[in-house]
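>>> give me coordinates for this.
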Amino acid sequence: MMSLAALPRSSVRIQSLDGLRGGAAICVAVMHFQGWFAPSHFLDFAYVAVDLFFVLSGVVIAMTYESRIVAGMSCGQFLGNRLARLYPLFFLTMLVGLSHSYALFLSGKLEPATWSRLSDEMSVVSNFFMQPSLNAEGKQALFPFDGPAWSVFAEIWVNLVFFLWVQAGQRYLAPIVVLAAGCLVWLVLRSGSIDAGWGGAQIPFGLLRAVSGFFIGVTIYRYREKFANVLRHISVEIIIIAIFLYPNLKGGQSFSDLFVVLILIPVCVGCAMKAHAWFLENRLMQWLGMISYSIYLWQSPYTLWFSSVARQVFKLDLDSHNPLMGITWLAGLLTLAWLSYYLVEIPSQRGIKKLLYGKIKMVTN
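Numbering: from 1, shown residues only. The predicted structure follows:
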């Protein structure tokens, strides 16, 4: 087996994609708790940012690993890299979410029957192995201690599919994209929205979102020069504005969702790859991109504890739509994500890779 240090590496980073990822992470977090900023919801559509994450992942994973897999990287090495990147923070945020549920149970604020379901081995053990809760039904969360973690579960599986696809010769990319997108269209038209994948009965839906978005991203990377030529007269700023305006499109939510996910988001990523956009590459957006994974995974467990402390300790009214409350919450989330990146993500990733492979240069994608 070829050593990991001998494999070709990709150190290229596309700053505009980092900026997109950071902006999307903030939008998702604010969407879930936007009631703290204003009485009227203003980011209900930000669930499509998860589909943007999958497309970005397809671009970045293809750019970082495709040549290395072709050169001989084993499945164990590939998954070792991906788990070193994703699992430590995943484990920590799940643990914090579990501790909050247990604290509610001890204080009598969580029904024993609910705690019994959440703490069941079918839920806890599965979740800590990055797999969905086996006793979740209907719209019960697949990852009750950290709801957004469902997309990390989907990411791991689609990464494995990508590895097998590359090893099999990287054939039939177009049929894979068409088939996955076609099945996704069918599910969205049946359900009325693409906002699914997090609940007990929605596992196939979430996996299709991941496969479709990821392999669209792989397609964008593979044909990046052709995309750049076709999109040379389109600015990424215009596409981002269009994405924010899409709730006003006519034709129903399902058609609007599909238009954004299958048309606007791929075009947005393609445009971001071909040109430098200051508002995506400035220091703030690059910083948000750097801590985006922490923002995404901390949003739920952090908010659970934030809400409990605000209500029980400081006797604050969280239903008052006070913008100051929202700003305080967001500042705390960003601070925690920043600390988490430097104190958890980087050291744990470096430590795990050193343990697995010895002293090698760390790939951070």
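
>>> check which residues of the longest helix along the chain are buried.
Counting by DSSP state H, the longest helix found in the chain is helix 75-106. The neighbour-count check on helix 75-106 (16 or more other Cβ atoms under 10 Å) flags 77-78, 80-90, 92-94, 96-98, 100-101, 104-105 as buried. Where you see a C-beta, it was placed from the backbone N, CA and C, and this is true even at glycine.

>>> helix or strand right after it?
Heading C-terminal from helix 75-106, the first helix or strand you meet, by DSSP states H and E, is helix 112-118.

>>> okay, buried residues for that following helix please.
Those would be 117-118, for helix 112-118 by 16+ other Cβ under 10 Å.

>>> can you check stretch 63-75 too?
Using 16+ other Cβ under 10 Å as the test for burial, stretch 63-75 gives 63-66, 68-69, 73.

>>> the spatially closest residue to residue 122 that is not a sequence neighbour sits in which helix or strand?
The shortest distance from residue 122 to any non-neighbouring residue, by Cβ to Cβ, 6 or more residues apart in numbering, is to residue 134 (4.0 Å). Following DSSP H and E, one finds residue 134 outside all helices and strands.

>>> what's the answer for the one 3 residues further on, then?
No secondary structure element spans residue 137, as it lies outside all helices and strands (assigned by DSSP H and E).

>>> does residue 84 touch residue 345 like I think?
No - judged on Cβ atoms under 8 Å, residue 84 makes no contact with residue 345 at a distance of 10.0 Å.

>>> for the residue nearest to residue 122, give me its contacts.
Neighbouring residues of residue 134 by Cβ atoms under 8 Å, 6 or more residues apart in numbering: 122-123, 126.

>>> show me how far the helix or strand of the chain with the lowest mean pLDDT is from its chain's centre.
Here the helix or strand of the chain ranked lowest by mean pLDDT, DSSP states H and E is helix 112-118, holding a mean of 87. Relative to its chain's centre, helix 112-118 lies at 28 Å (Cα atoms, centre = their mean, to the nearest Å).

>>> after it comes which helix or strand?
Next along the chain after helix 112-118, taking DSSP H and E as the criterion, comes helix 121-128.

>>> so where's the stretch 101-250 of the chain uncertain?
248-250 (pLDDT under 70).

>>> and the buried residues of stretch 63-75, which is closest to residue 317?
The closest of these to residue 317 turns out to be residue 64 (Cβ to Cβ; 46.7 Å).

>>> with just CA atoms, put the helix or strand that closest one falls within into CSV.
Assigned by DSSP H and E, residue 64 belongs to helix 48-70. Written as CSV, here are the backbone C-alpha positions of helix 48-70 (Å, rounded to 0.1, in the frame of the first residue of the first chain):
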residue,chain,number,x,y,z
VAL,A,48,-31.2,25.5,0.5
ALA,A,49,-27.8,26.5,1.9
VAL,A,50,-27.4,22.8,2.9
ASP,A,51,-27.7,21.9,-0.8
LEU,A,52,-25.0,24.6,-1.4
PHE,A,53,-22.8,22.8,1.2
PHE,A,54,-23.2,19.5,-0.8
VAL,A,55,-22.2,21.2,-4.1
LEU,A,56,-19.2,22.9,-2.5
SER,A,57,-18.2,19.6,-0.9
GLY,A,58,-18.3,17.9,-4.3
VAL,A,59,-16.0,20.6,-5.8
VAL,A,60,-13.5,20.5,-2.9
ILE,A,61,-13.4,16.8,-2.4
ALA,A,62,-12.9,16.2,-6.1
MET,A,63,-10.2,18.9,-6.2
THR,A,64,-8.4,17.5,-3.1
TYR,A,65,-8.8,13.7,-3.4
GLU,A,66,-9.6,12.6,-6.9
SER,A,67,-6.0,12.5,-8.1
ARG,A,68,-4.8,11.0,-4.9
ILE,A,69,-7.3,8.1,-5.1
VAL,A,70,-6.3,7.5,-8.7
